[in-house]
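what's the 3D shape of this:
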Amino acid sequence: MSDVFEVLATDHADVKRMLTALEDGPDQAAGASEPVLDARTLVAQWLVIDSSRHEAAEEQYFWPTVRKYVDSGDHLADQAIGQESEAKEVLDKLNKLDARDANFDELLAEFIPAARKHIAFEEGKVWPQLRAVLTAEDSAELGKKVSKAKEHGPTRPHPHTPASPAVLKTAGSAAAVLDQLRDAISGRGKTS
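Purely as a prediction, here's the structure:
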């Protein structure tokens, strides 16, 4: 069974790969072909889906644990949730565009460095402090909760939903069901 740090590290690695693909690949301004633009749109779509699920799961379980067990947990959680809230605003805009839209690459240019900074903050500042106070059993249990929350989480950013665990476990669940229904109808997130 994966502990919370393994679960989140896998998510972070996936996001980093998507960021690199979006950053290094040719864009509209560089004369990217239609198939490349389609691929960029699909990668951005998966970035939005994965990030939305990840952040919702963290807000439900990870940040409350940080607040409870880490001495400076409130400060760290507030800082991280602030970063995540800004990211949700950008991802919400990006979610409505495809790679042919002029604002697509501008939003990516804003999001990519902020996402890397946020990941570095979590991994470098938060994780070591939480690792020091969690037992292996607690870390494994938290990993299970985060994994399950991601499975059933929203697939779109909801920047106006409060980052409250109670709200996310109720209203967030309803939003997640609606997101998944919309995805099923539209085919969003499907690779074929």
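
Nearest the geometric middle of the protein, what residue?
S51 (1.9 Å; CA atoms, centre = their mean).

residue contacts, that residue?
V15, A87, L91, A115, P157 (CB atoms under 8 Å, 6 or more residues apart in numbering). (Glycine included, C-beta is placed from N, CA and C.)

What is the burial count for the third one?
One way to gauge burial is a neighbour count; for L91, by other CB atoms under 10 Å, it gives 23.

what about the helix or strand containing it, average pLDDT?
According to DSSP states H and E, L91 maps onto helix 73-94. Across helix 73-94, the average pLDDT comes to 95.

list the buried ones in whichever helix in the chain runs longest?
Taking DSSP state H as the criterion, the chain has its longest helix at helix 34-57. Within helix 34-57, the residues scored as buried using 16 or more other CB atoms under 10 Å are 36-37, 39-57.

That one to helix 73-94, inter-axis angle?
With axes from the mean of the first three to the mean of the last three CA atoms, to 10 degrees defining the directions, helix 34-57 sits at 150 degrees from helix 73-94.

Let me know the secondary structure of G153.
Three-state assignment for G153 (DSSP: H, G, I helix; E, B strand; the rest coil): coil.

For the closest residue to it other than its chain neighbours, give me its contacts.
In this structure, G153 finds its nearest non-sequential neighbour in R53, 3.9 Å apart by CB to CB, 6 or more residues apart in numbering. Contacts for R53 (CB under 8 Å, 6+ apart) come out as A149, K150, E151, G153, P154, T155.

ok, the first one - how many residues close by?
Yep, that's A149 we're talking about. Around A149 there are 24 residues (other CB under 10 Å).

Kindly provide the distance from the closest residue to it other than its chain neighbours to G153.
Once flanking residues are discounted, A149 sits nearest to A57: 3.7 Å by CB to CB, 6+ apart. To G153, A57 is 6 Å away according to CB to CB, to the nearest Å.

ok, and the most crowded of the contacts of R53?
G153 leads those on contacts (other CB under 10 Å) with 26 neighbours.

Compute the distance between that one and V146, please.
G153 is 10 Å from V146, where distance means CB to CB.
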